[in-house]
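> Predicted model and sequence below, questions to follow.
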Amino acid sequence: MKILAFIFLASITLKTFGQVKEASVSNSPATIQYFLDSVGINKNQLFFDQNKITAINVVKRNNRDLNSGEIYITSKNPKDFKFLTLADVRKTYLKSKDVSVLFMIDDKILKDDISKYKIDADYILNVEILKSAEISSLKNSMQNFAIISIKLKTKENIAKANEIYIRGTDLTQMPPHQ
């Protein structure tokens with residue numbers, strides 16, 4: 001009986017205070033690097049037409065401490081891209097240089113460092129400029145600023161641009177001419 005009690009206490013003690021080495025699993029988020037025609041890019045800050053892509057090659061790397069990988073995007077013709085920075089867009093569409101600017105791409109306000117964003121010029125559907133003086137609630141504000149809203153050539157934006165809206169009053173049936 002003493003032996004059973006000893007084994008029972010020893011197993012509880014080992015279970016409680018013993019160290020068990022588990023397989024090393026990294027809790028760090030995966031770090032993925034993106035390359036467009038062998039040039040490193042930030043996928044969230046580069047906008048271009050996906051139809052210009054020829055191939056995508058994924059290289060996965062699994063180390064013990066780091067989950068990482070690389071995605072290589074090959075375009076049909078690298079010379080087809082004419083990337084513009086947001087500063088280039090501002091110079092092209094906004095003539096005033098002393099105005100603060102808020103950028104939007106597809107109705108999303110850009111909160112990151114805008115110097116890193118690049119857009120293929122052929123992928124821009126339209127650019128709208130809205131000045132604070134044109135907004136009735138901001139006309140008397142001390143800050144003069146502009147909103148540059150860029151719409152990209154996505155399927156959704158093209159479909160919206162092609163929609164036709166008819167404004168007017170009730171349609172009444174005209175009596176037939178006699």
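Noted; the coordinates are in hand.

> in the chain, what spans have low per-residue confidence?
Along the chain, the parts satisfying pLDDT under 70 run over 1-30, 63-67, 142, 168-178.

> hey, where'd the helices end up in it?
Using DSSP state H, the helices found in the chain span residues 2-17, 86-93, 155-161.

> In CSV, list the C-alpha atoms belonging to the shortest one.
Presented in CSV, the C-alpha positions along helix 155-161 are these (Å, rounded to 0.1, in the frame of the first residue of the first chain):
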residue,chain,number,x,y,z
LYS,A,155,-15.3,45.6,-61.8
GLU,A,156,-17.5,47.2,-59.1
ASN,A,157,-16.3,50.8,-59.9
ILE,A,158,-16.7,50.3,-63.6
ALA,A,159,-20.2,48.9,-63.1
LYS,A,160,-21.2,51.8,-60.9
ALA,A,161,-19.8,54.3,-63.4
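
> Go ahead and name everything in contact with that helix.
106, 125-126, 151 (Cβ atoms under 8 Å, 6 or more residues apart in numbering). For every residue, glycine as well, the C-beta is placed using N, CA and C.

> now do 7 Å
Defining contact as Cβ atoms under 7 Å, 6 or more residues apart in numbering, one finds that helix 155-161 is touched by 106, 125, 151.

> quick one, what contacts the residue nearest to the first one when sequence neighbours are not counted?
So the one you mean is D106. Nearest-residue entry for D106: L152, 5.7 Å, with adjacent residues in sequence omitted and distances by Cβ to Cβ, 6 or more residues apart in numbering. Counting by Cβ under 7 Å, 6+ apart, L152 makes contact with 47, 105-106, 123-125.

> give me the beta-bridge partners of L152?
Counting by DSSP bridges, L152 is bridged to I124.

> In this structure V101 contacts I150, no?
No - applying Cβ atoms under 7 Å, one finds V101 not in contact with I150, separated by 11.6 Å.

> Please say which of the two ends up with more neighbours.
Shown here are V101 and I150; by other Cβ atoms under 10 Å, I150 has more neighbours (23 against 16).

> Give me the distance between that one and Q143.
22 Å (Cβ to Cβ, to the nearest Å).

> Restrict stretch 74-93 to CA atoms and write it as PDB.
Coordinates of each C-alpha in stretch 74-93 appear next as PDB, following Å, rounded to 0.1, in the frame of the first residue of the first chain:
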ATOM      1  CA  THR A  74       5.500  38.400 -63.000                       C
ATOM      2  CA  SER A  75       3.800  40.900 -65.300                       C
ATOM      3  CA  LYS A  76       3.300  40.500 -69.000                       C
ATOM      4  CA  ASN A  77       5.400  43.500 -69.800                       C
ATOM      5  CA  PRO A  78       7.100  45.500 -66.900                       C
ATOM      6  CA  LYS A  79       7.200  48.600 -69.200                       C
ATOM      7  CA  ASP A  80       3.300  48.700 -69.200                       C
ATOM      8  CA  PHE A  81       3.300  50.100 -65.700                       C
ATOM      9  CA  LYS A  82       3.400  53.800 -65.200                       C
ATOM     10  CA  PHE A  83       3.300  54.000 -61.400                       C
ATOM     11  CA  LEU A  84       2.400  57.300 -59.800                       C
ATOM     12  CA  THR A  85       2.900  58.300 -56.200                       C
ATOM     13  CA  LEU A  86       0.100  60.200 -54.500                       C
ATOM     14  CA  ALA A  87       2.300  63.300 -54.700                       C
ATOM     15  CA  ASP A  88       2.200  62.900 -58.500                       C
ATOM     16  CA  VAL A  89      -1.600  62.600 -58.400                       C
ATOM     17  CA  ARG A  90      -1.800  65.700 -56.200                       C
ATOM     18  CA  LYS A  91       0.400  67.700 -58.600                       C
ATOM     19  CA  THR A  92      -1.700  66.600 -61.600                       C
ATOM     20  CA  TYR A  93      -5.200  67.200 -60.200                       C
END
